[in-house]
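**Student:** build the 3D model from these lines:
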Amino acid sequence: MQIGRWNHQGTGAGSHSSHGGSDEGRAFSARPPRSGGRGRARRDDYDDRDYYSGPRRAPRAGRSYGTYGRERFSRGGGRKKGGIGAFGQTESEIQKFINKAVVVEEKEDVFVPEHAFNDFPVDERLKANIAKKGYETPSPIQDKAIPHVLHGQDVVGLAETGTGKTAAFLIPLIDKVVKGMVLGHRERVLIMAPTRELAVQIERELAGMARGLGFRGMIAVGGANINPQIKELKFDPAFVVGTPGRLKDLMERKSLDLSGFQSVVLDEADRMLDMGFIDDMRFILGHLPRERHTLFFSATMSRDIEKLIGDFLKEPVIISVKTRDTSKNVDQDVVRLMPGEDKFDRLCAMLADRDFTKVLVFVRTKHGAERLAKMLSRNRIFAESIHGDKTHHARLRALEEFKRGRVQVLVATDVAARGLDIPDVSHVINYDLPSTYEDYVHRIGRTGRAAAKGQALTFVAA
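**Tutor:** Model (predicted):
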């Protein structure tokens, strides 16, 4: 057994798979999908427990897609006014999709942190890794949360996606693991995230910060071959980052024993609840030691979140970071479709505008996402899709193609609406109406990030 290095098996360059090569050398492969769901609400697009079908190549412009041909979408996306249970079916709801961005004046209050990263009492090698990543000034959630985590307190961090939550828990927990190694006792950390993409994002951040510190970490997500993950757990990695469904699977196979984990992080806890993971979350938390360090990070504080906090955290410090309203830097408007007007043709006409440089298009279903991406590609609009029926690999590849500007359009289900860092999205288009207004807010939050101005457009029936 090799000790004293960060291990990228299954997640980084240099990995190999008996199933052949893969993007970025990842040792992931796929199995055929298992039939049906698990009886959970809204698991259709999100269930990371299932094994999905193999990756599909990005369609080329002009390629024939058989029955897709000139298939037309109805102006309601196949449902009356956007679908049963959709938000935006009344005029009062539609008005919530219309809001002009506000130009922020320079005199607006600017956050002044109490600390610099170099001020935190953490290992000097960790400080060097943080500096190499270009981090100098902590964000509000980092500035407020890191000192409490370093002191071993349970923390509830309320902050939206894109505010730096990942570093807020990774920095003090990495330091905890390193100091435990110096003192001769083993610290282990479990991190739960709602989606594969967010778990991969966390693991990549972890790998960069932990470089050269002498411990292992690994990722455990659905949609990937479970066998390399089982093999990696035999090395007792200090950090395990995973999705609830896969973590539970590993526990049920007796491959993951949580009795030795002293710290646990639930990232995007509210999203895990939305996706139907409440039973899995309780199952996992219930198998951890009673005396542990527990961190919750969430964008909202629902009653279910409050109940989990009451059941599993001990005298937590609650840190709420107020961020600007989404409406302040995102121009929001609707695209009203007249009776008989072709929705797909209208979308293509919009995408022909040169201002639509990097466009995230949201639909309600996995099938709808795949179909729309293929139709756009057939019309010589470079598009990819991301949804629950794609393998872990294919989803990562689609995201990377979109991030690098190799495709103009990423068609997504709500699996991409939270927890992902996609820079420079020029437009968010709600091709299908969101299920709730909260889902709408998370969707349009993918544009207008940092100081940039974004645009959000929602298709509605006239």
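**Student:** any regions of the stretch 51-200 of the chain where pLDDT drops low?
**Tutor:** Applying pLDDT under 70 to the stretch 51-200 of the chain flags residues 51-85, 101-111.
**Student:** show me where it has helices.
**Tutor:** For the stretch 51-200 of the chain, the helices defined by DSSP state H, counting those that start in this stretch occupy 91-94, 124-132, 140-150, 165-183, 196-209.
**Student:** those into CSV, with extra columns for mean neighbour count and distance to residue 408?
**Tutor:** Where you see a C-beta, it was placed from the backbone N, CA and C, and this is true even at glycine. Output for these, formatted as CSV (neighbours: other Cβ atoms under 10 Å; distance: least, Cβ to Cβ, whole Å):
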stretch, mean neighbour count, distance to residue 408
helix 91-94, 12, 27
helix 124-132, 16, 33
helix 140-150, 22, 33
helix 165-183, 21, 28
helix 196-209, 22, 20
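**Student:** residue 360: which of the ones you listed is closest?
**Tutor:** helix 196-209 (13.3 Å; Cβ to Cβ).
**Student:** using PDB, list the CA coordinates for that closest one.
**Tutor:** What follows is helix 196-209, C-alpha atoms only, in PDB (Å, rounded to 0.1, in the frame of the first residue of the first chain):
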ATOM      1  CA  ARG A 196     -22.000  14.000  -9.300                       C
ATOM      2  CA  GLU A 197     -20.800  17.300 -10.800                       C
ATOM      3  CA  LEU A 198     -20.700  19.100  -7.500                       C
ATOM      4  CA  ALA A 199     -18.900  16.100  -5.900                       C
ATOM      5  CA  VAL A 200     -16.300  16.200  -8.700                       C
ATOM      6  CA  GLN A 201     -15.900  20.000  -8.300                       C
ATOM      7  CA  ILE A 202     -15.300  19.600  -4.500                       C
ATOM      8  CA  GLU A 203     -12.800  16.800  -5.100                       C
ATOM      9  CA  ARG A 204     -10.800  18.800  -7.600                       C
ATOM     10  CA  GLU A 205     -10.600  21.700  -5.200                       C
ATOM     11  CA  LEU A 206      -9.600  19.300  -2.400                       C
ATOM     12  CA  ALA A 207      -6.800  17.700  -4.600                       C
ATOM     13  CA  GLY A 208      -5.300  21.200  -5.300                       C
ATOM     14  CA  MET A 209      -5.300  22.300  -1.700                       C
END
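**Student:** which elements pack onto that helix?
**Tutor:** Contacts defined by 3 or more Cβ pairs under 8 Å, 6 or more residues apart in numbering; DSSP states H and E place helix 196-209 against helix 124-132, helix 165-183, strand 217-220, strand 239-242, helix 392-403.
**Student:** what angle do it and helix 124-132 make?
**Tutor:** 120 degrees (axes from the mean of the first three to the mean of the last three Cα atoms, to 10 degrees).
**Student:** return the distance of helix 196-209 from the chain's centre.
**Tutor:** 10 Å (Cα atoms, centre = their mean, to the nearest Å).
**Student:** next one: stretch 215-225
**Tutor:** On Cα atoms, centre = their mean, the centre of stretch 215-225 falls 15 Å from the chain's centre.
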